[in-house]
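Undergrad: what would the 3D arrangement of this be:
(one chain, ligands or ions: 1)
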Amino acid sequence: MFLSTLLNNREHNRQANGAGAVPWSLQGTGADDQAPRPHRVVVVGAGNVGATFAYALLLSGLVGELVLVDANRERAVGEAMDLNHAVPLSNPVRIWAGDYADCGGADVIVITAGTGQRPGEGRLDLVKRNAAIMRDIVPRITEYNRQGILLMATNPVDVLSYVAWQESGLPPARVIGSGTVLDTARFRYLLAQRLGIDARNVHAHIIGEHGDSEVPVWSMANVTGIGLETYCRRHGCELNAEERERIFDRTRDAAYEIIERKGATYYAVAAGLLRIVESILRNQYSVLAVSSLVPGYYGIEDVYLSLPAVIGRAGVEQILHLPLDPEETQRLCDSAAVLRGVLDELDRS
Ligand code: NAD
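TA: Next up is the predicted model:
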């Protein structure tokens, strides 16, 4: 009777946590032998972005195990302690400061390790420093895990996702960059502010590089399915070329502005990472503008950049081939050329 109540509770908790979490009372009793193993996410880099993502993940109830790995061990231990103290107030997640061996069995390994963008510094300037870090980290991960999904957030995210893919030897579907998920959110937010509509009903993508050459897809922007131009015409909110340009400029340059003001950006990117991880763990097939290896669309290949992609348990399940207008296609190709140029430069260095 007692055990069956426990098992019912276990099932309840398992479902409440998106399948996986085992309450402590059952650990080591053998009663959980048949239980599906808890979802494990490892975060490599427990700095601003890594710790904020870890906090969002704890509150989400998506995982049963959360591991923080950082070159600065004290930082990882401190963050794990702080997060653990929120467990009684949120979800039964096992959280610890670990090592690369803990990547074994992880469903997703989120990489946020590296140096941040310094004030006034372009993302591409970061490339050499952070590429060296990836060449150190990725083999240490794949030594213990060749089944999970690598999710890169460190900048420049497109270049480093490509480096991580090459270093890992994993199929490209399982090496994903957070790409323009963040820029797309910023774009939707700013458009929604202008239109006076809930941002969740404003759909518009930023594609290409997560950075200066990114491309707004105005031709497909819509409000709950109504094309932006039609929406504006019918609802008296003219959005002229100048205003569009201003909205896009503020989207593209948001990181610079936030970094000038507070030194780093982390809340929105953490929310973006959470959204990607949720779609992976729950096999949601959500469409998200992640960075992935482009399969020859628009003549672009051998480069990672963002296009809306279907994200599920296997990682990138499908990349959408958008019907871009000629100007957008050209800008996307230019963005790909910028990224290929950086990869070539990196190869030569
Ligand atoms: P941070 O300096 O706060 O944290 C970085 C952490 O990485 C530090 O704790 C550091 O000790 C650790 N680290 C450095 N080298 C390491 C190594 N070799 N192994 C393990 N850990 C190591 O920086 P942050 O603000 O968290 O930013 C992290 C990265 O995320 C930066 O590259 C930043 O540009 C990027 N970022 C990306 C997006 C995006 O949309 N993709 C958004 C914001 C920030």
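
Undergrad: in stretch 240-255, which residues are buried?
TA: The neighbour-count criterion (16 or more other CB atoms under 10 Å) identifies 244, 247-248, 251-252, 254-255 as the buried residues of stretch 240-255. C-beta: built from backbone N, CA, C; applies to glycine.

Undergrad: could these be laid out in a markdown table, adding secondary structure and pLDDT?
TA: Shown next, in a markdown table, are the buried residues of stretch 240-255 (DSSP: H, G, I helix; E, B strand; the rest coil; pLDDT from 0 to 100):
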| residue | secondary structure | pLDDT |
| --- | --- | --- |
| Arg244 | helix | 96 |
| Ile247 | helix | 97 |
| Phe248 | helix | 98 |
| Thr251 | helix | 97 |
| Arg252 | helix | 96 |
| Ala254 | helix | 96 |
| Ala255 | helix | 92 |
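
Undergrad: just the closest of the residues you listed to the ligand, please.
TA: Ala255 (6.7 Å; CB to the nearest ligand atom).

Undergrad: how close does the closest residue to that closest one other than its chain neighbours get to His321?
TA: Excluding the flanking residues, the one nearest Ala255 by CB to CB, 6 or more residues apart in numbering is Thr265, at 5.5 Å. Remark: distance between Thr265 and His321 (CB to CB, to the nearest Å) = 30 Å.

Undergrad: and what of Arg73?
TA: 45 Å.

Undergrad: next: Thr184.
TA: 17 Å.

Undergrad: again, but for Asp334
TA: 18 Å.

Undergrad: do the same with Gly50
TA: Counting by CB to CB - Gly50 and His321 are separated by 33 Å.

Undergrad: pick out whichever of these two has more residues nearby.
TA: Neighbours per residue (other CB atoms under 10 Å) separate Gly50 from His321, with Gly50 holding more: 27 against 12.

Undergrad: quick one, strands of the stretch 1-150 of the chain?
TA: With strands called from DSSP state E, counting those that start in this stretch, the stretch 1-150 of the chain shows them at 40-44, 65-69, 94-97, 108-111, 149-152.

Undergrad: quick one: residues in contact with the first one.
TA: Spelled out, that is strand 40-44. With contact meaning CB atoms under 8 Å, 6 or more residues apart in numbering, strand 40-44 is reached by 50, 53-54, 57, 62-70, 98, 102-103, 105-113, 137, 141, 277.

Undergrad: number of nearby residues for the closest residue to the ligand within the chain?
TA: Residue nearest to the ligand within the chain: Gly47 (1.7 Å; CB to the nearest ligand atom). When neighbours are counted by other CB under 10 Å, Gly47 registers 21.

Undergrad: surely it and Ala76 touch.
TA: No: counting by CB atoms under 8 Å, Gly47 does not reach Ala76; the two are 9.9 Å apart.

Undergrad: between the two, which contacts overlap?
TA: Shared contacts of Gly47 and Ala76, defined by CB under 8 Å, 6+ apart, are found at Asp70.

Undergrad: tell me where the chain has helices.
TA: Under the criterion DSSP state H, the chain carries helices at the ranges 2-16, 48-60, 73-84, 127-142, 157-168, 181-195, 228-234, 241-252, 254-262, 267-281, 326-348.

Undergrad: low-confidence ranges, the stretch 101-250 of the chain, go.
TA: For the stretch 101-250 of the chain, the stretches flagged by pLDDT under 70 are 116-124.

Undergrad: neighbours of Tyr285, how many?
TA: Neighbours of Tyr285 (other CB under 10 Å): 12.

Undergrad: nope, Tyr189 is what I was after
TA: By the measure other CB under 10 Å, the count of residues near Tyr189 is 17.

Undergrad: in this structure it contacts Ala199, no?
TA: Yes: here Tyr189 reaches Ala199: they are 5.0 Å apart, a contact under CB under 8 Å.

Undergrad: now the longest strand belonging to the chain and helix 326-348, what's the angle there?
TA: Secondary structure assigned by DSSP state E gives strand 301-312 as the longest strand of the chain. For strand 301-312 against helix 326-348, the angle by axes from the mean of the first three to the mean of the last three CA atoms, to 10 degrees is 110 degrees.

Undergrad: measure the nearest residue to Val69 once chain neighbours are set aside to Ile111 for me?
TA: Ranked by CB to CB, 6+ apart and with sequence neighbours excluded, the top spatial neighbour of Val69 is Val44, at 4.7 Å. To Ile111, Val44 is 5 Å away according to CB to CB.

Undergrad: what touches both of those two?
TA: By CB under 8 Å, 6+ apart, the residues touching both Val44 and Ile111 are Ile137.

Undergrad: give me every residue in this protein lying close to the ligand.
TA: 44-50, 70-72, 75, 112-114, 116-117, 130, 133, 136-137, 153-155, 157, 178, 182, 210, 264-266, 269 (CB under 6 Å from any ligand atom).

Undergrad: of these, buried ones?
TA: Buried, going by 16+ other CB under 10 Å: 44-50, 70, 75, 112-114, 116-117, 130, 133, 137, 153-155, 157, 178, 182, 210, 265-266, 269, out of the residues of the chain next to the ligand.
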